[in-house]
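S.K.: Sequence and computational prediction follow.
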Amino acid sequence: MGWSVAYWLKALEPRRDALRVVVVEKDPTYSRASTVLSAGGIRQQFSLPENIQMSLYSAFFLRTINEHLGVLNEPPIDIQFNPSGYLFLASEDEAAMLEENVRIQRDEGAEVVLLSPAQLKKKYPWLNTDGVAVASYGLENEGWFDPWSLLNAFRRKAMSMGVYQCFGEVTRFTIASTDVMTPEGLLTFSRIRQVRVQMPNSLEYQPVECALVVNAAGPWSQKLAEMASVGIGAPNTQEGIELPVEPRKRYLFLWHCPNGPGLDCPMLVDTTGVYFRREGLGGNYLGSLSPAEEEEPDIQDLEVDHGFFQEKIWPCLARRVPVFESLKVKSAWAGYYDYNKFDQNAVLGRHPLVENLLFITGFSGHGLQHSPAAGRAVAELIVEGKFKTINLEKFSFERFVSGEQLLERNIV
């Protein structure tokens, strides 16, 4: 997200070198970065029009990526996009909601079709359709791609345009505050004047003067917001409203099944929430399941609970795709969602009290696919003073103040 915002700031700046942009990276290896540990999916099958619009824009961006992110005298970018689509299965109880989602998706311009169990069986003979009432399938602009290639392309292009990269960890903000009497009572408005960046493996730190700060810290964005006094005021006050984004650990499992679904295998999302897709051409598959709220794993490390696959995922896979009964797990890893516990949707735009702090976080698992659109949106807000390409006002921090949730029904 940070590199997308940085690229778009330079692309939209009113004149060359009008903006000085610095990206602070805590992990220069990206070994724990949510982006590179993700499944790399992109879909239009959401329930909120704004999410669908971001997906449609991001799909266009990815199709024309070399026009945007190509660097002179560098090899062309290949994000290894696989346009096999998403297939959502719905039970009888979920059918009406899925059909309503598809209506919204079509209204926004997405090419999505409904399939009956008989049509599913004809299209995917390897699929057991028991318990499936209806399914939805994305005909275009859906599938998966290589997350590292997109991250590196944004980074490489942004740096070629003059963006500075700083390795280190933000440990403190220097803030100037003013108390103002408002109709709601006394409020403290503030501005971040300086960012303190601790150098890696060193006691030294670098102070960075700034006009604006964009919080793109993903799972750790709440911790960063608290450094700017967000959410540390008295309860039931505006100063006490936190950024409701927290890290949640998610597993990905890679398994081998030589007789599994072939080249036509989509990203399949089962009625149970289990999902999988083909990985390459050698009979490998990648998939997982988001745990129930009461089963959320410990976030202190990225260790994988292999029992979770055996107990929760494999039985569902074997029931839906009988040949998966004989699969063999080859590897597994874990990463973090930047989970918005308020409504599982992005937080975009300015904080109402820290006037030069902006957010781009809380995507709850669909940040990578929305990064081209969301990065542009935040850059537009900075450069133009408003959202222009897509109106994303609904994702502002203000909804936490009003208590109005913006719920997305299609969270995987």
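M.R.: Yep, that arrived.

S.K.: Now do residue 91 against residue 184, distance only.
M.R.: Separation of residue 91 from residue 184 (CB to CB, to the nearest Å): 46 Å. Glycine gets a C-beta too; all of them are placed from N, C-alpha and C.

S.K.: These two: which has the busier surroundings?
M.R.: Neighbour comparison, residue 91 and residue 184: the larger count goes to residue 91, with 14 against 9 (by other CB atoms under 10 Å).

S.K.: From the contact counts, what lies against the longest helix anywhere in the chain?
M.R.: Assignment by DSSP state H gives helix 367-383 as the longest helix of the chain. Contacts defined by 3 or more CB pairs under 8 Å, 6 or more residues apart in numbering; DSSP states H and E place helix 367-383 against helix 2-12, strand 41-42, helix 49-63, helix 147-160, strand 347-350, strand 357-361.

S.K.: Pull out the buried residues from the first one.
M.R.: Within helix 2-12, the residues that qualify as buried by neighbour count (16 or more other CB atoms under 10 Å) are 2-12.

S.K.: which residues sit against that helix?
M.R.: 19, 21, 23, 25, 68-69, 151, 154-155, 157-158, 161-163, 214, 216, 360, 371-372, 374-376, 378-380, 382-384 (CB atoms under 8 Å, 6 or more residues apart in numbering).

S.K.: Do you know the pLDDT at residue 186?
M.R.: In the predicted model, residue 186 carries a pLDDT score of 84.

S.K.: Tell me how far the nearest residue to it once chain neighbours are set aside lies from residue 232.
M.R.: Of all residues not flanking residue 186 in the chain, residue 179 sits nearest, at 5.8 Å (CB to CB, 6 or more residues apart in numbering). Taking CB to CB as the measure, residue 179 falls 16 Å from residue 232.

S.K.: So for those two, which sits in the more crowded spot?
M.R.: residue 232 (12 against 8).

S.K.: isn't there a strand covering the more buried one?
M.R.: No: read with DSSP: H, G, I helix; E, B strand; the rest coil, residue 232 is coil and lies in no strand.

S.K.: Does the closest residue to it other than its chain neighbours belong to a helix, a strand or coil?
M.R.: Closest residue in space to residue 232, ignoring its immediate chain neighbours: residue 226 at 5.8 Å, by CB to CB, 6+ apart. At residue 226, secondary structure determined by three-state DSSP is helix.

S.K.: wait, residue 226 sits on residue 233?
M.R.: No: in this structure, residue 226 is not within contact of residue 233 by CB atoms under 8 Å, at 11.0 Å.

S.K.: tell me the contacts of the residue nearest to residue 223 when sequence neighbours are not counted?
M.R.: Of all residues not flanking residue 223 in the chain, residue 217 sits nearest, at 7.4 Å (CB to CB, 6+ apart). Contacts for residue 217 (CB under 8 Å, 6+ apart) come out as 170, 223-224, 361.

S.K.: For the residue lying farthest from the centre of the chain, which non-adjacent residue is closest in space?
M.R.: Going by CA atoms, centre = their mean, the residue of the chain most distant from its centre is residue 181, 37.9 Å out. Distances taken as CB to CB, 6+ apart place residue 187 nearest to residue 181, at 8.0 Å, with adjacent residues excluded.

S.K.: any idea how far that neighbour lies from residue 400?
M.R.: Distance from residue 187 to residue 400, by CB to CB: 15 Å.

S.K.: same question, residue 23
M.R.: Distance from residue 23 to residue 400, by CB to CB: 26 Å.

S.K.: Same check on residue 376?
M.R.: 24 Å.

S.K.: out of these two, which sits in the more crowded spot?
M.R.: Each of residue 376 and residue 400 has its neighbours counted (other CB under 10 Å); residue 376 has more, 26 against 20.

S.K.: May I have the predicted confidence score for the more buried one?
M.R.: pLDDT, read off for residue 376, is 98.

S.K.: switch to numbering from 22
M.R.: All set: I'll call the first residue 22, so the last point we hit is now residue 397.

S.K.: The nearest residue to it once chain neighbours are set aside and residue 184, how far apart?
M.R.: Spatial nearest neighbour of residue 397, chain neighbours left out: residue 29 (4.6 Å); criterion: CB to CB, 6+ apart. Note on residue 29: its distance to residue 184, by CB to CB, is 11 Å.
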